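>>> sharing a model prediction with you, sequence too.
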Amino acid sequence: MARKIIVGRSIGFCFGVTKAVTTAKKVLNEYGCLATFGDLVHNPIVMSELKEKGLRVIENISEARNYPFIIRSHGLPPDVLQKLKQYATKIYDATCPFVKKVQNLVKDLSSRRYFIFLIGDPEHPEIKAMKKIAGDNSMVIRPYQKFDTSSIHLKKWAIIAQTTISLDLYRTAIKKIINRLPAEKLTIFNTICPVSIKRQSEALELAQKVDALIVVGGRKSSNTRKLVHIGRKVNKNTFLIESSSEVKNLNLANFEKIGIISGASTDVRCIREMIDVLSDHPAQKKYRR
């Protein structure tokens, strides 16, 4: 019999990544060059294609001189954006609309004298930008990290999540903060992207139905890694794959049902290639007899 390949309902680019990639391609077609800080999106295949078209990843603001510049989907701190205006010829804002909404929320809470707990990866560009916006009255916390609240003197606290964190990790951090609560008021915001929540739910559902789950996406992608984390909670045969060529190295001989789901910065073309490779995988012969 033929192997069964089950593809998740939510695959391919999310709307934020679509905006960033579409904008970049439009500018590159017009000018032949474009600069950005760090990866525009956390996917090596997408980045490689954009670099071939003229995208340049820079580390210092001065390198943006005389270049059109694109703000990546994760957003930028306001001070960095202000300095960029002195160098870049044009600035295109491809910040994910949902990330921008959360940035505005952080700005509003900071102006109202809230102490803000930002739950997520302190090295992620999204959290770095939010920390700059929040200012001194804020703290970045990893979900399982130990922290001290004794020096916090503001009476109002707010908890905000990185948009790509998993719900279970966010709940873990919230419980730890509540256990240290001396504040008069605590407001918890669900700032996890609805697309991320939906894909996390689908990953959990799919992982329980199949013999193996393949998560397609960049290893630097936070939302992709969360899907792997969720899948492995219920299915030890959960694999993170960046490109279709990596599938050939997997031992799939004993898996009859294989599920596929993708991170939010994975091009749907990569999913199609993955399906084609799986269909021709050497182990597939076992199911064609």
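Looks like it arrived, so ask away.
>>> now the strands for this structure?
Under the criterion DSSP state E, the chain contains strands at 4-7, 34-37, 55-58, 68-71, 90-93, 115-119, 138-141, 156-161, 185-188, 212-216, 238-241, 257-262.
>>> partners of the third one in the sheet?
Sheet pairing here is set by DSSP bridges, and for strand 55-58 it gives strand 34-37 (parallel).
>>> got a list of contacts for the strand it pairs with?
Contacts to strand 34-37, defined as CB atoms under 8 Å, 6 or more residues apart in numbering, come from residues 24, 27-28, 54-59, 63-64, 67-72, 76, 80, 88, 125. The C-beta positions use only the backbone N, C-alpha and C, and glycine is treated the same way.
>>> find the nearest non-adjacent residue to residue 271, please.
Excluding the flanking residues, the one nearest residue 271 by CB to CB, 6 or more residues apart in numbering is residue 11, at 5.2 Å.
>>> one more: residue 157?
residue 183 (4.3 Å).
>>> contacting residues for that neighbour?
Contacts of residue 183 (CB under 8 Å, 6+ apart): 115, 152, 154, 155, 156, 157.
>>> cutoff 10 Å now
The neighbours of residue 183, taking CB atoms under 10 Å, 6 or more residues apart in numbering as the test, are 114, 115, 149, 152, 154, 155, 156, 157, 158, 177.
>>> coming back round to it: mean pLDDT, distance to residue 171 and mean neighbour count for the strands of the chain - can I get that in TSV?
Shown next, in TSV, are the strands of the chain (pLDDT from 0 to 100; distance: least, CB to CB, whole Å; neighbours: other CB atoms under 10 Å):
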stretch	mean pLDDT	distance to residue 171	mean neighbour count
strand 4-7	92	28	15
strand 34-37	94	32	24
strand 55-58	94	35	16
strand 68-71	95	31	23
strand 90-93	95	32	14
strand 115-119	96	10	25
strand 138-141	95	13	20
strand 156-161	96	10	23
strand 185-188	94	10	14
strand 212-216	95	22	28
strand 238-241	94	21	21
strand 257-262	94	22	25
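>>> okay, those in TSV with distance to residue 47 next?
Below are the strands of the chain laid out as TSV (distance: least, CB to CB, whole Å):
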stretch	distance to residue 47
strand 4-7	24
strand 34-37	10
strand 55-58	8
strand 68-71	13
strand 90-93	17
strand 115-119	26
strand 138-141	26
strand 156-161	26
strand 185-188	35
strand 212-216	15
strand 238-241	17
strand 257-262	16
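>>> and of these, who's closest to residue 100?
Nearest to residue 100, of all the strands of the chain, is strand 90-93, at 8.3 Å by CB to CB.
>>> could I get the pLDDT score of residue 223?
Residue 223 is assigned 88 on the pLDDT scale.
>>> how deep is residue 254 tucked in, by neighbour count?
A count of neighbours around residue 254, defined by other CB atoms under 10 Å, yields 10.
>>> the helices in the stretch 101-250 of the chain, which residues?
Taking DSSP state H, counting those that start in this stretch as the test, the helices found in the stretch 101-250 of the chain are 125-134, 167-178, 194-207, 222-234.
>>> what's the closest of the ones you listed to residue 7?
helix 194-207 (9.0 Å).
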